[in-house]
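# Build me a model:
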Amino acid sequence: MPELEIYRSYNFVLDIQNVTVGYFTEVSGLSVSVEAISYREGGGAAAVRKLPGRVEYGDVTLKWGMSESTELWTWLMNVAAGNVERKEVSIILLKPDGQQENTRWNLHQTWPRAWRGARLDALGHEVAYEALTLVHEGIERA
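Reported below is the predicted structural model:
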């Protein structure tokens, strides 16, 4: 049996509509859950059975060091103005060399729903981080 490689979580990029947008410090919320619908069959069945119900995809939050780029901000402001542009987004996990693709998660019909600005502290020496929350209608691992 071949030895399986364990992936590292620190080397990834975001791709929107086949354009690499940038490098992020954190991506969280990649998830899928299927609702379990409980029911009892007629008759004398003592056990409750379960059927799969609706599928829910978790919101994905991106975190990055603030820069001059305003592409994600503009996308969010367009949504806030009522012009929802749904995009195909991929989160790509890279191999340790930082060049080759290891795996990717494709998010379908994605749009931004929330932004959180950087914490500003005149006495601190930390990087200014922004966060953007994306919603989507489907995920596939490629």
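# For burial, what's the neighbour tally of residue 51?
Summarising burial for residue 51: neighbours were counted as other CB atoms under 10 Å, giving 10. Where C-beta positions appear, they are placed from N, C-alpha and C, glycine not excepted.
# can you give me the strands in the chain?
12-16, 19-23, 26-28, 32-39, 49-57, 60-65, 87-94, 101-116, 129-135, 139-141 (DSSP state E).
# quick one, what contacts residue 47?
With CB atoms under 8 Å, 6 or more residues apart in numbering as the criterion, no residue contacts residue 47.
# what's across from the most centrally placed residue in the chain in the sheet?
Centroid-nearest residue in the chain, with CA atoms, centre = their mean: residue 60, separated by 3.1 Å. Beta-bridge partners recorded for residue 60 (DSSP bridges): residue 134.
# hmm, back to that, let's have the strands of the chain in CSV, adding mean pLDDT.
Output for these, formatted as CSV (pLDDT from 0 to 100):
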stretch, mean pLDDT
strand 12-16, 86
strand 19-23, 71
strand 26-28, 92
strand 32-39, 95
strand 49-57, 94
strand 60-65, 90
strand 87-94, 92
strand 101-116, 94
strand 129-135, 93
strand 139-141, 95
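# among those strands, which is nearest residue 122?
strand 129-135 (16.5 Å; CB to CB).
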